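Undergrad: got a predicted structure here, sequence first:
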Amino acid sequence: MGRAVGFLVCRRHSDPDVYAKAKAAGKVQEIPTNQNPRFVPVIHPTLQTGVETLLVSAKAWLSLAASSG
């Protein structure tokens, strides 16, 4: 399970060129994952996904507060 999660994290938020080079060299497991201090996410789509998630969460929370108040 941990390997699958690490793969998804690396594949979606790491530089595609870094991933391709690591895959070709058989070193995908050496790419730092999100809990590693050497992890460097690609700014896009990481930032956009985070902002969209925050906005959806805020909208849901604020609509609940408005309907109960």
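TA: Cool, got the structure. Numbering: from 1, shown residues only.
Undergrad: flag the shaky bits of the protein, pLDDT-wise.
TA: 1-13, 69 (pLDDT under 70).
Undergrad: so where do the helices sit in it?
TA: For the chain, helices defined by DSSP state H occupy the ranges 2-13, 16-24, 43-68.
Undergrad: kindly export the second one (C-alpha atoms) in CSV.
TA: In CSV, the C-alpha atoms belonging to helix 16-24 read as follows (Å, rounded to 0.1, in the frame of the first residue of the first chain):
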residue,chain,number,x,y,z
PRO,A,16,7.4,14.8,-15.0
ASP,A,17,11.0,15.0,-16.3
VAL,A,18,12.5,14.0,-12.9
TYR,A,19,10.0,11.1,-12.8
ALA,A,20,10.8,9.9,-16.4
LYS,A,21,14.5,10.0,-15.7
ALA,A,22,14.1,8.1,-12.4
LYS,A,23,11.8,5.5,-14.1
ALA,A,24,14.3,5.0,-16.9
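Undergrad: in it, what counts as buried?
TA: 19, 22 (16 or more other CB atoms under 10 Å). C-beta: built from backbone N, CA, C; applies to glycine.
Undergrad: and that helix, what other elements does it pack with?
TA: For helix 16-24, not one helix or strand is in contact under the criterion 3 or more CB pairs under 8 Å, 6 or more residues apart in numbering; DSSP states H and E.
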